[in-house]
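Q: Give me the fold of what follows.
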Amino acid sequence: MFNAVGIDVSKGKSTIAVLQPGGVVIRKPFDVKHSSCELKDLAKYISSLEGETKAVMECTGRYHEPILQVLSDAGIFVSAVNPHLIKNMGNNTLRKVKSDPADSRKIARYAIDNWAELRKYSIMDATRTQLKTLNAQMDFFTKQKAAAKTNLISLLDMTYPGANDLFDSPVRDDGHEKWVDYVAKYWHVDCVRKRSLKDFTESYRKFCKKNHYNFQADRPEEIYVAAKELVAVFPKDDEYKQLVQMGVEQVITASAYAEQIRKEMNRLAQTLPEYNIVMSMRGVGTTLGPQLMAEIGDVSRFTHREALTAFAGVDPGVDESGQRRKRSNGSSKCGSPRLRRTLFLVMDSLLKTKPIDDPVYQFLDRKRSEGKIYKVYMTAGANKFLRIYYGKVKEHLHKLEMEDEPRSSAEDQDSGQSLVN
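A: Sure thing, here's the model as predicted:
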């Protein structure tokens, strides 16, 4: 006999129901606060149940993590599942009931129906959770950086139009960009054209040396001549200077945080077994690779390729009924928006680098040449990329498992021999 513990998680508390096959109620739904004392008491109660016991809860943002951690540390089989799976499970009733006790019983029934397929939470899952949390923060600061850049450019349009297009240097590891540092010093067009060319050239050379940028001898004159033709709306006043410099500070701060998180994500991703396989794929680098691993998680939890594409929301839908069969269907978009965004960035990287020997790029190029619209061939390319990703990573993880098995058997034999001796 086995016990299914359904846990409906909310902020600060959870509702727990314990069922057995056949609808046998071991304990009616009860509430537990997310305090150290009550969670430990819950772990003791679950451990005291006779027979095999598995606890199941939904992945609800951050709220489920305290109870997940406590139960896992207590040695209890605990599984966190996608809420969409439980939501789509039939209620077998015409009544529409939405309450914490009803949800906890529904989760327990899900555990009973999918007993053999439940996946236990592990230490590696904790690492993946940390990586996903970092990716969420990365997404937040990336949006903040984009908003800050837009604000800064709108200010520069009034003081130094087009200053953001003067340089195309990439973002450095410390979050600085050349054009941002440039407008911090030359915030108004008069900061350039009111000087002599010789004076500006020397000032620009010192700027490059101070900020560790390459100095090109012909660039100062190009910038100087272009500045002569610009029209500034705002005068060169301290009030507007302060606004621009505040905008610069916002961009640099958001960019520095994003770069710091990116480096930490890459360091953490290197501890995962599939890191080298993912990084070897075309279109993936030290930024997009960790983001993919963060949002996809453990590939072994997906039973087949279609499950992964459905999780990402890039799977083509099916619309058939009787004699009617719709040939073209939109993607489900049912999964993680951050994962779809990362996949589109990978596709964009492939289209820019054009690796002719890469099967995903070949597929993208063929669909584009067939006249497919942008979203169609990008989504189709993301679908194909995920299928290849699934195959490579799943095969690699399987090889690692096969390598560990003989080693474990040898260790068992050595320990047994030592006991005999």
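Q: who does the helix or strand Met246 falls within touch, helix- and strand-wise?
A: Secondary-structure assignment from DSSP states H and E places Met246 in helix 238-269. Helix 238-269 sits against helix 123-159, helix 178-185, helix 288-296, with contacts defined as 3 or more Cβ pairs under 8 Å, 6 or more residues apart in numbering; DSSP states H and E. No exception for glycine: its C-beta is placed from N, CA and C like everyone else's.
Q: Can you point out the buried residues in the longest one?
A: Buried positions in helix 123-159, judged by neighbour count with 16 or more other Cβ atoms under 10 Å: 125, 128-129, 131-132, 134-135, 137-139, 141-142, 144-145, 148-149, 152-153, 155-156, 159.
Q: tell me which residues form a beta bridge with Gly6?
A: Ala17, Val56 (DSSP bridges).
Q: Spell out which residues sit in contact with it, please.
A: Gly6 makes contacts with 16-19, 56-57, 103-111, as judged by Cβ atoms under 8 Å, 6 or more residues apart in numbering.
Q: measure it to Tyr160 for me?
A: 61 Å (Cβ to Cβ, to the nearest Å).
Q: before we move on, what about Leu351?
A: 33 Å.
Q: pretty sure Leu350 contacts Leu364?
A: Yes - at 6.3 Å, Leu350 counts as touching Leu364 under the criterion of Cβ atoms under 8 Å.
Q: Give the residues shared as contacts by those two.
A: Gly381.
Q: Does anything pack onto the host helix or strand of Ile67? Which helices or strands?
A: Secondary structure assigned from DSSP H and E places Ile67 in helix 65-73. Helices and strands touching helix 65-73, as assessed by 3+ Cβ pairs under 8 Å, 6+ apart, comprise helix 36-48, strand 52-58, strand 77-81.
Q: Put together CSV for those, with mean pLDDT on each row.
A: Formatted as CSV, the helices and strands packed on helix 65-73 follow (pLDDT from 0 to 100):
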stretch, mean pLDDT
helix 36-48, 93
strand 52-58, 91
strand 77-81, 89
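Q: Mind checking those for the one nearest to Pro355?
A: strand 77-81 (37.3 Å; Cβ to Cβ).
Q: what does that closest one contact?
A: 52-59, 64, 68, 71-72, 110-111, 118-121.
Q: which is the next helix or strand following it?
A: Assigned by DSSP H and E, the successor of strand 77-81 is helix 83-87.
Q: Can you list the buried residues in that following helix?
A: Ile86.
Q: after that helix comes which helix or strand?
A: Per DSSP H and E, the helix or strand that comes after helix 83-87 is helix 100-113.
Q: How far away from the center of its chain is that following helix?
A: 29 Å (Cα atoms, centre = their mean, to the nearest Å).
Q: can you state the direction angle for that helix and strand 52-58?
A: Orientation check (axes from the mean of the first three to the mean of the last three Cα atoms, to 10 degrees): helix 100-113 against strand 52-58 gives 130 degrees.
Q: List the buried residues for helix 100-113?
A: Buried-residue list, helix 100-113, by 16+ other Cβ under 10 Å: 100-112.
Q: burial measure for Lys354, as a count.
A: If you count neighbours by other Cβ atoms under 10 Å, Lys354 ends up with 10.
Q: And the pLDDT at the residue nearest to it when sequence neighbours are not counted?
A: In this structure, Lys354 finds its nearest non-sequential neighbour in Tyr361, 6.5 Å apart by Cβ to Cβ, 6 or more residues apart in numbering. If you check Tyr361, the pLDDT there is 95.
Q: I'd assumed Lys384 was in contact with Phe363.
A: Yes - using Cβ under 8 Å, Phe363 is in contact with Lys384, at 5.2 Å.
Q: what about the helix or strand harbouring Tyr204, distance to the chain center?
A: Tyr204 belongs to helix 197-210 when assigned by DSSP H and E. Here the centre of helix 197-210 is set off from its chain's centre by 42 Å, with Cα atoms, centre = their mean.
Q: and it, C-alpha only, in PDB?
A: Presented in PDB, the C-alpha positions along helix 197-210 are these (Å, rounded to 0.1, in the frame of the first residue of the first chain):
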ATOM      1  CA  LEU A 197      40.200  70.000 -33.600                       C
ATOM      2  CA  LYS A 198      43.600  69.700 -32.000                       C
ATOM      3  CA  ASP A 199      42.200  70.200 -28.500                       C
ATOM      4  CA  PHE A 200      39.400  67.700 -29.100                       C
ATOM      5  CA  THR A 201      41.800  65.100 -30.500                       C
ATOM      6  CA  GLU A 202      44.000  65.300 -27.400                       C
ATOM      7  CA  SER A 203      40.900  65.200 -25.100                       C
ATOM      8  CA  TYR A 204      39.600  62.100 -27.000                       C
ATOM      9  CA  ARG A 205      42.900  60.400 -26.800                       C
ATOM     10  CA  LYS A 206      43.000  60.900 -23.000                       C
ATOM     11  CA  PHE A 207      39.400  59.600 -22.800                       C
ATOM     12  CA  CYS A 208      40.300  56.400 -24.600                       C
ATOM     13  CA  LYS A 209      43.400  55.800 -22.400                       C
ATOM     14  CA  LYS A 210      41.500  56.500 -19.200                       C
END
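Q: report the angle between the axes of it and helix 178-185?
A: 120 degrees.
Q: List the buried residues for helix 197-210?
A: For helix 197-210, by 16+ other Cβ under 10 Å, it's 200-201, 204, 207-208.
Q: Most widely separated two among the residues you listed?
A: Pairwise over the buried residues of helix 197-210, using Cβ to Cβ, the maximum falls at Phe200 and Cys208, 12.5 Å.
Q: Check the spacing between Asp157 and Val346 real quick.
A: 33 Å.
Q: Which of the buried residues of helix 197-210 sits closest to Thr303?
A: Nearest member of those to Thr303, counting by Cβ to Cβ, is Cys208, at 56.0 Å.
Q: contacting residues for the closest one?
A: 214-215.
Q: Would you mind measuring the gap between the ends of stretch 181-198?
A: 21 Å (Cα to Cα, to the nearest Å).
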